[in-house]
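> Generate a structure from the sequence data that follows.
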Amino acid sequence: METGKAMPWGFVAAMSAAQVVSWGSLFYAFALFLEPMSRELGWTKPELTAAYSAGLVAWGLGAFPVGRAIDRGHGRAVMTLGSCLAVLLLLAWSQVSHYGLFLALWVGLGFAMSATLYEPGFAVLARRLGTGARRGITAMTLVGGFASTVFIPLTHLLIEQLGWRGALVALAGLNALIGIAIHAMIIPRETPSQAPASPTVTAVPGPPASPGVTAVPGPPSGVRRVLALPAFWGFVAVAVIHGAIFTGFSVHLIPLLVERGSSLDGAVLAFTLIGPAQVAARIGIAATERFVSVRMIGLLTTLIPV
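Numbering: from 1, shown residues only. Model (predicted):
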């Protein structure tokens, strides 16, 4: 972990580029495959999005082992294997013709997302940059915000030129050339001595218990203390609701616009505006964070969708 050193912008830029590819191919591109897959395979859009939803559940479940592995110093292995899994499953998706297999593939892609998207990326940056992680994470989110702007029109073009199966092969290739290469070559390998030791709990000295009297345990510490806070569970609830709204919006925006009479090109153009809007919002938050509290920013951003 580096502290007090110049920001390694090359490392941050490379990790940010990998985020663009991972978000663009694994999260945003799915919306463009709904129509051609439904037309060729006869699967309904609810069936297709159900598989995507299963992937999102796997994404959440995979966060636990991924986080623990990165905490133990295995960030390089986790993110490299995540990109490898993404490549293999995108290639398998390009050949799929059975719905059960498609459902299983998306569960696997969910685990690939848990190992390659922002959360593991932030954790790796934090371990690499130390006290400078905040600047690196801000830069990563600014660059990553353009994932939809790049990959929605790119995927649209690939589907038009190669068909939906060929487009998936191309996306797999991008994950191999950029995702695997960056994660395997740029993330430093950590030795056991570099991995922080597990926190230990030090007993608080106190008077010995009287005979026949049960000792009262002290206040919970660490994770247990956080889990006991109502504010934590309120934050979790808001995050889940926001994620559900944003994901539903991202998946259904293009089909809804097309069904309402918009051309596919027009719907794609509308979708690409999500990226610049995200980046503008993040710049606005960074510019005003000295004057507006985190609580106020949270309240305002939560109220905006309403």
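
> When you work out contacts or count neighbours from here on, use the C-alpha atoms and nothing else.
Noted.

> Check the secondary structure at Ile188 for me.
For residue 188 the amino acid is Pro, not Ile. coil (DSSP: H, G, I helix; E, B strand; the rest coil).

> Tell me the confidence at it?
Per-residue pLDDT puts Pro188 at 92.

> ok, now the one 3 residues further on?
Thr191 is assigned 63 on the pLDDT scale.

> what does stretch 36-51 rub up against?
Contacts to stretch 36-51, defined as CA atoms under 8 Å, 6 or more residues apart in numbering, come from residues 34-35, 97, 99, 102-104, 106-107, 164.

> In terms of secondary structure, what does the longest helix along the chain contact?
Scanning the chain for the helix with the most residues, using DSSP state H, yields helix 230-259. If you count contacts as 3 or more CA pairs under 8 Å, 6 or more residues apart in numbering; DSSP states H and E, helix 230-259 packs onto helix 30-41, helix 264-272.

> Among the contacts of stretch 36-51, name the ones in helices.
Using DSSP H, these in helices are 34-35, 99, 102-104, 106-107, 164.

> ok, for Ala92, nearest residue in space, not its chain neighbours?
Leaving aside its chain neighbours, Ala92 sits nearest to Leu105 (7.6 Å; criterion: CA to CA, 6 or more residues apart in numbering).

> For Gly166, which residues are in contact?
94, 158-159.

> likewise Gly67?
Residues in contact with Gly67, defined by CA under 8 Å, 6+ apart, are 120, 123.

> Secondary structure class of it, three-state.
Assigned with three-state DSSP, Gly67 falls in the helix class.

> pretty sure Thr80 contacts Ala184?
Yes: counting by CA atoms under 8 Å, Ala184 is a contact partner of Thr80 at 5.5 Å.

> Below-threshold pLDDT in the chain: ranges please.
The model of the chain has pLDDT under 70 over residues 1-5, 191-222, 249, 289, 305-306.

> Number of residues surrounding Leu269?
Using other CA atoms under 10 Å, Leu269 is surrounded by 15 other residues.

> if I look at the spatially closest residue to it that is not a sequence neighbour, how far off is Leu300?
The shortest distance from Leu269 to any non-neighbouring residue, by CA to CA, 6+ apart, is to Pro153 (7.5 Å). For Pro153, the distance to Leu300 equals 31 Å [CA to CA, to the nearest Å].

> Surely the residue nearest to Leu269 is in contact with Thr272?
Yes: assessed by CA under 8 Å, Pro153 is found in contact with Thr272 at 7.3 Å.

> What count of nearby residues applies to Gly42?
So Gly42, with other CA under 10 Å, has 9 neighbours.

> and what of Ile187?
The number of residues packed near Ile187 is 20, by other CA under 10 Å.

> Tell me who's in contact with it.
Shown in contact with Ile187 (CA under 8 Å, 6+ apart): 11, 75-76, 124.

> Backbone dihedrals for it, please?
With angles defined as degrees, to the nearest 10, Ile187 sits at phi -70, psi 130.

> Can you tell me how far it is from Phe11?
8 Å.

> So which of the contacts of Gly166 sit within helices?
158-159.

> so can I have TSV of the contacts of Gly166 showing distance to Arg282?
Converted to TSV, the contacts of Gly166 look like this (distance: CA to CA, whole Å):
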residue	distance to Arg282
Ser94	35
Leu158	30
Ile159	31
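
> Got a ChimeraX select line for the buried ones in the contacts of Gly166?
Entered in ChimeraX, the line below selects the buried ones among those, by 16 or more other CA atoms under 10 Å:
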select :94,158,159
